[in-house]
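# only geometry, no sequence info:
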């Protein structure tokens, strides 16, 4: 039984799920500071679960659609390894969707009941659902390569905004700059992952590397990384942080600007991992100045 549970959790891709889920309380933190812990902790926690179930459902849907590709590209995943059947994965997806929607409806009701702005929460969620469904189903933006990369990155970046909206405070400039950093870094990572999977995607998807070549795609990814660095810099230039506090972003900055060489050498798996690490370091770099 434990092996079955582990397989379903693996289907959700817990590393990606928790990386996204932790940005919900970060969005609340960037919006109103520690006030969310004392006044809105249960509400934020419920929305963390909304995101966990949402992304878990999306990842499961992705694995269902990619089951044939994964027989070659990722044979150890639950479906191609036959630890979970496609039918079981579909039932699991429905369960996750139901749980996620229930969490969102609870949050919306709580905001409305407390005479707070509720519509940003439900609007972001509905838009994310639309992006998710269009990614794997009609019009299947995943098969369009760059359009799919942008869709996924918008969803990841929107989690920060979602966290802020869970405490009815989406107007913070820090929240929007942080969401932009997450969007650009994730977009670069998606492009690099497409470089890594180019051979297995052949004949199935039209990714950016297939259209403009591997090296051009890697160069494009590095340009996008530079855009993320601009967004990383803005809160220290325009506020709310002091310029000298950008010191706390040095680990993230160094991790990102040193990716040009491994990109040139085609070390796509290494680069994808470092981008994810830089994203985490960047979020930490935004948190620390709030307490210094």
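Everything's here; your move. Please read all numbers here as calculations on a predicted model, not as lab measurements.
# burial measure for residue 130, as a count.
Taking other C-beta atoms under 10 Å as the neighbour definition, residue 130 ends up with a count of 12. Glycine gets a C-beta too; all of them are placed from N, C-alpha and C.
# which of the helices or strands spans it?
Following DSSP states H and E, the helix or strand that holds residue 130 is helix 119-136.
# identify each buried residue in that helix, please.
Judged by neighbour count using 16 or more other C-beta atoms under 10 Å, the buried positions of helix 119-136 are 120, 121, 122, 124, 125, 128, 129, 131, 132, 134, 135, 136.
# what lies in contact with it?
Counting by C-beta atoms under 8 Å, 6 or more residues apart in numbering, the neighbours of helix 119-136 from elsewhere in the structure are 47, 50, 54, 57-58, 61-62, 65, 104, 107-108, 111, 140-142, 148, 151-152, 154-155, 158, 161-162, 165-166, 168, 170.
# now do the helix-or-strand element of the chain with minimal mean pLDDT: which elements does it pack against?
Sorting the helices and strands of the chain by mean pLDDT, DSSP states H and E puts helix 67-73 at the bottom, at a mean of 72. Contact partners of helix 67-73 among helices and strands, from 3 or more C-beta pairs under 8 Å, 6 or more residues apart in numbering; DSSP states H and E: helix 198-201.
# recalculate using a threshold of 10 Å.
In terms of contact count using 3 or more C-beta pairs under 10 Å, 6 or more residues apart in numbering; DSSP states H and E, helix 67-73 is assigned the packing partners helix 41-65, helix 198-201.
# mean pLDDT lowest where, among those?
Mean pLDDT is lowest for helix 198-201 out of these, coming in at a mean of 80.
# may I see the buried residues of that one?
Of the residues in helix 198-201, 198, 200, 201 count as buried by neighbour count, 16+ other C-beta under 10 Å.
# tell me which residues touch residue 202, please.
Applying C-beta atoms under 10 Å, 6 or more residues apart in numbering, one finds that residue 202 lies in contact with 69, 210.
# show me the domain layout of this protein.
What the record gives for the chain is the domain set 1-170, 172-292, from automatic domain parsing.
# quick one: the helix or strand that the least confident helix or strand of the chain is followed by to helix 119-136, angle?
Moving toward the C-terminus from helix 67-73, the first helix or strand encountered (DSSP H and E) is helix 86-113. With axes from the mean of the first three to the mean of the last three C-alpha atoms, to 10 degrees as the criterion, the two stretches helix 86-113 and helix 119-136 enclose an angle of 160 degrees.
# work out for me the element residue 18 sits within.
Secondary structure from DSSP H and E places residue 18 in helix 14-21.
# so what touches that helix?
6, 9, 12-13, 47-56, 58-59, 155-160, 162-163, 182, 186, 276, 279-280, 283.
# same question, stretch 139-147
Under the contact criterion C-beta under 10 Å, 6+ apart, stretch 139-147 has outside partners 62, 65-66, 131, 133-136, 148-152, 187, 190-191, 194, 201, 204-212, 217, 220.
# mind doing that once more with 6 Å?
Counting contacts by C-beta atoms under 6 Å, 6 or more residues apart in numbering, the residues outside stretch 139-147 that touch it are 134, 135, 148, 151, 205, 206, 207, 208.
# excluding chain neighbours, what is closest to the fifth one?
Going back to what we said before, that points to residue 205. Here the nearest residue to residue 205 in space, its sequence neighbours aside, is residue 143; by C-beta to C-beta, 6 or more residues apart in numbering that works out to 4.9 Å.
# distance of the one you found from residue 58?
16 Å (C-beta to C-beta, to the nearest Å).
# go on, residue 93?
Going from residue 93 to residue 58 by C-beta to C-beta gives 9 Å.
# show me which of the two is the more surrounded one.
Set side by side, residue 93 and residue 58 show unequal neighbour counts under other C-beta under 10 Å, the larger going to residue 58 at 28 against 19.
# show me the contacts for the more buried one.
Contacts here follow C-beta under 6 Å, 6+ apart; on that basis residue 58 touches residue 132.
# go with 10 Å
Shown here is residue 58, whose contacts under the criterion C-beta under 10 Å, 6+ apart are 12-13, 16-17, 20, 93, 96-97, 100, 128-129, 131-133, 135-136, 152, 155.
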